[in-house]
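Chemist: Requesting a structural model of the entry that follows:
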Amino acid sequence: MHGTPTLSTGTVTLRNASVPSAAMGKIGDGTVASVDIEINDGRIAAIRPAGSAPIDGASYDLDSGLILPAFVDIHTHLDKGHIWPRKQNPDGTWLGALLAVGADREHNWAASDVERRFDFALRCAFAHGTAAIRTHLDSAPPQHEISWTLFEQMRERWADRIELQAVSIVGPDTLVNPAELDTVARQVKSSGGILGGSVAEYARSKEAMLRVVEKAGELGLDLDLHTDETGDPSAQALLHLAEAVLETGYKGKVMAGHCCVLTVQDEQTVRHTIDKAVEAGIAIVSLPMCNIYLQDRENGNGAVRTPIRRGATLLNEFKAAGAVVAIASDNTRDPFYAYGDLDGVEVLREGARILQFDHPQDKAWDWVRAVGSAPSAHAGFSYKAVIEVGAPADLVLFRARTWTELNARPQYDRIVLRRGRQIDTTLPDYRELDDLME
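Modeler: Numbering: from 1, shown residues only. The predicted structure is shown next:
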């Protein structure tokens, strides 16, 4: 691509671009269109077949390079991010992560600490080409007062760059404690957030899900729950969530993340759970990178072995059954996941490899919606992640022309446009956080 668009005013035409039809709002369409995209004053003014657009103003030849909408990352943990240098996971397990984060939160999570790590993470996401993020916030009292106040400030500060939503995350004991749940839920309501929590293997799982659904209904809140992030086949939090939604007649939006246990349950249980989740209208988000990092590390005797049951949920089956599905980053450089950088390209690439939605490749393009328009529509973001006339020119441009070219490399040479203007994609240096890690 010779020359790159740098203006947010006037007319710019991106010529000879390859755009997946799914990215233009055509659900289930695996084709790729060759188009010219005209941008005027930061918005998409026209989309025409390649070679047919009149050239009015500057033009840039993509040479068949791909264009995708800026990304939507629907499940992250910005308040936990980048604490790995000071608090590692001692054994790589989910319990090890939970305890490590708890200890770090208790000792270090003042507003100034969370703010700097939060902002660092957002700058990474922005540089990679993300336009909307939903983050879970650790909300067990008294942390809820610190994190939600800070979130409100960050949402306003970043409003013209990344659209932000937040979800409370608390343990199941809080969900079954009426006073604590009410305290958290009212903070969420006050801050314009989404109510959530985490339930894996828990004896009172059904009660926990019923209570959180009832509270969300009472206060008019949407829901986003961590469910069944475990390899224990007795766990049924997703099923209990679906049953609670159906039994109460809850009308809000519901998303469930992880759902790892379905990978180790029998076929009848799996089918029943998926059917109930679809009936209840629950959207499903898979966190493939984090799940294969944590799941099945427990061995009990200290022996070194290769994990087999990796916990990436049955997303293909959920999609085939009619559920809204998404994939997302989850944690970044913290005890739950030592890696990651809030990069939508990495999420799509690793999702394709882990979840195997890459064949047949002529159908794989529909999955770009899983990091864009599907979670955006469910979450109600104003940013729609669809390339269409009238939409803001929030686009990611690639030299890659095909599915395999896009997913074979990290795409470090991508160009990110926000409102038609090319942004600086230089990533922040980890050294900025060194003083927080002492």
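
Chemist: which other helices and strands contact the longest helix along the chain?
Modeler: When the chain is parsed with DSSP state H, its longest helix is helix 111-128. Packing partners of helix 111-128 (3 or more C-beta pairs under 8 Å, 6 or more residues apart in numbering; DSSP states H and E): strand 71-76, helix 143-157. In this view, the C-beta of every residue, glycine as well, is placed from N, C-alpha and C.

Chemist: Give me whichever of the ones you listed is most buried.
Modeler: Of these, the one with the most neighbours on average (mean count of other C-beta atoms under 10 Å) is strand 71-76, at a mean of 28.

Chemist: partners of the following helix or strand past the longest helix of the chain, with directions?
Modeler: Next helix or strand after helix 111-128 toward the C-terminus (DSSP states H and E): strand 130-138. Note on strand 130-138: by DSSP bridges, its sheet partners are strand 71-76 (parallel), strand 163-169 (parallel).

Chemist: got TSV for those, with distance to D63 too?
Modeler: Listed next are the strands paired with strand 130-138 as TSV, based on distance: least, C-beta to C-beta, whole Å:
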stretch	distance to D63
strand 71-76	23
strand 163-169	31
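
Chemist: For L150, which non-adjacent residue is closest in space?
Modeler: Closest residue to L150 apart from its sequence neighbours, by C-beta to C-beta, 6 or more residues apart in numbering: A111 at 5.2 Å.

Chemist: can you tell me how far that neighbour sits from W148?
Modeler: Distance from A111 to W148, counting by C-beta to C-beta, to the nearest Å: 11 Å.

Chemist: Can you pull the phi and psi angles for the residue nearest to L239 when sequence neighbours are not counted?
Modeler: Spatially, and ignoring its direct neighbours in sequence, L239 is nearest to T273 (4.6 Å; C-beta to C-beta, 6+ apart). Phi and psi for T273, reported as degrees, to the nearest 10, are phi -70, psi -50.

Chemist: List the buried residues for stretch 228-247?
Modeler: 228-231, 235-245 (16 or more other C-beta atoms under 10 Å).

Chemist: farthest pair in these?
Modeler: For these, the maximum inter-member distance is 25.0 Å, found between G231 and V245 (C-beta to C-beta).

Chemist: D222 touches V245, doesn't it?
Modeler: No - with contact defined as C-beta atoms under 8 Å, D222 does not reach V245; the gap is 11.7 Å.

Chemist: which neighbours do the two share?
Modeler: The contact sets of D222 and V245 overlap at V254 (C-beta atoms under 8 Å, 6 or more residues apart in numbering).
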